[in-house]
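In: Here is my input; please provide its structure:
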Amino acid sequence: MLRRFSLTPTQYRRVAYVALAALTLIVLTGAAVRLTDSGLGCPDWPKCYGKALPPLSYHAVIEYSNRAVSGIVGLIAVAAFVLAFFRRPFRRDLMWWSLTLPVGVLAQAVLGGFTVREHLAPGFVMGHFALSMIVLIGAVGLAWRATYEPGERPRSSDRLTVWSIRALLPLGAITIFAGTAATAAGPHSGGVSGQDVHRLTFKGNDTLNWVVHRHATIAAIFGVLVIAVWLLARRRASRTSEPLTVLGVLMAAQGLVGSVQYELHLPGDIVWVHVGLATATWLALLWAVAAAGTLVPRAAEVPSAEPAVGEPDVRELEVVGR
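Out: Model (predicted):
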């Protein structure tokens, strides 16, 4: 049976990229639910108003559609895991990476249910988006490893560039987290007028302004460091130049869109574009970290001893002897 239904490495690579695309799509549909004030379109979970199908109302249909898409994405995630066992040759690393996808989707479903039950409390909403970014780590890791066979990409000996790129990852995560706080304090609560939806108000009426400026500062620092690492990679002819270039362009676009949406008082459609760019930026950052690869062990970096001045080179004598 395993032989009959086996997948080639190329076929499984396609499965991995389909899963990555699906898990990216659900982030965008989830943001659309919030920005159309449909977060409580179905006030209960997993049913909608106690029924299997939602009533024919704008917010209920949008919220329930996102749940339906989540179900399809969950099936794709499970398929990526199951099909990892049918890949030939079988690779244990792909099996473990693929396992993170259905586990992540299940965790998202549970957290989503609590988010609805808690009336879109800011902490739950922020955690919901943060968990999406964590799940994307597993999706990118699976797609990247499915693209290359073990040992196909040589390890890097450029420790400075590799660690510089890795250092961007936590700062990028902090930048995105600050962005979720800005959304949680902004006008897009996810619920319609009259619904009991809590906002982030730890600084009273000045919370939104305070969080937005902190988010902008962190993003600016992150952008400057991305440029610095890009210049370092270019100077050292690193194989990470392409993903770092994409990352830098996305950061510039993020800065532009962020400034426009702030001046226009955060219209929902532009905020959705901002969320989409943030997701793309996170994917580009993960791509850069993956492209940097792993490092050569320090013991393997010790160069062979060169002959002292005036002494014959043993390697040359061996060649002459042959």
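
In: what bits of this protein have low per-residue confidence?
Out: 1-3, 188-198, 300-322 (pLDDT under 70).

In: That one - how does it break down into domains?
Out: Structurally, the chain divides into domains by automatic domain parsing as follows: 1-150, 153-297.

In: Next, the distance between the ends of the last one.
Out: To tie it back to what came earlier, the one meant is domain 153-297. Terminal residues of domain 153-297 are spaced 15 Å apart (Cα to Cα, to the nearest Å).

In: Show residues contacting stretch 157-173.
Out: Stretch 157-173 is contacted by residues 133, 156, 218, 221-222, 225-226, 228-229, 232-233, 236, 238, 240, 244, 281-282, 285-286, 288-289, 292-293, 295-296, 301 when judged by Cβ atoms under 8 Å, 6 or more residues apart in numbering. Every C-beta, even on glycine, is put in place using the N, C-alpha and C of the backbone.

In: Please flag which of those residues sit within strands.
Out: For the contacts of stretch 157-173, not one is inside strands, with DSSP state E as the criterion.

In: ChimeraX command for the buried members of the residues you listed?
Out: ChimeraX command restricting those to the buried ones, with burial defined by 16 or more other Cβ atoms under 10 Å:
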select :133,156,218,222,225,226,229,232,233,238,240,244,281,282,285,286,288,289,292,293,295
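
In: ok, Thr10 - how many residues close by?
Out: When neighbours are counted by other Cβ atoms under 10 Å, Thr10 registers 9.

In: I'd guessed Glu149 sits against Pro9; true?
Out: Yes. If you go by Cβ atoms under 8 Å, Glu149 and Pro9 touch, sitting 7.1 Å apart.

In: just to revisit the earlier point, in helices only, show me the contacts of stretch 157-173.
Out: Those of the contacts of stretch 157-173 mapping onto helices are 133, 218, 221-222, 225-226, 228-229, 232-233, 244, 281-282, 285-286, 288-289, 292, per DSSP state H.

In: got the residue ranges for the helices in the chain?
Out: Under DSSP H, the chain gives helices at 9-35, 58-83, 92-117, 122-147, 159-185, 207-235, 241-263, 268-292, 314-321.

In: Can you add distance to Leu200 and give those back as JSON lines?
Out: Listed next are the helices of the chain as JSON lines, based on distance: least, Cβ to Cβ, whole Å:
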{"stretch": "helix 9-35", "distance to Leu200": "14"}
{"stretch": "helix 58-83", "distance to Leu200": "21"}
{"stretch": "helix 92-117", "distance to Leu200": "14"}
{"stretch": "helix 122-147", "distance to Leu200": "4"}
{"stretch": "helix 159-185", "distance to Leu200": "4"}
{"stretch": "helix 207-235", "distance to Leu200": "6"}
{"stretch": "helix 241-263", "distance to Leu200": "17"}
{"stretch": "helix 268-292", "distance to Leu200": "15"}
{"stretch": "helix 314-321", "distance to Leu200": "67"}
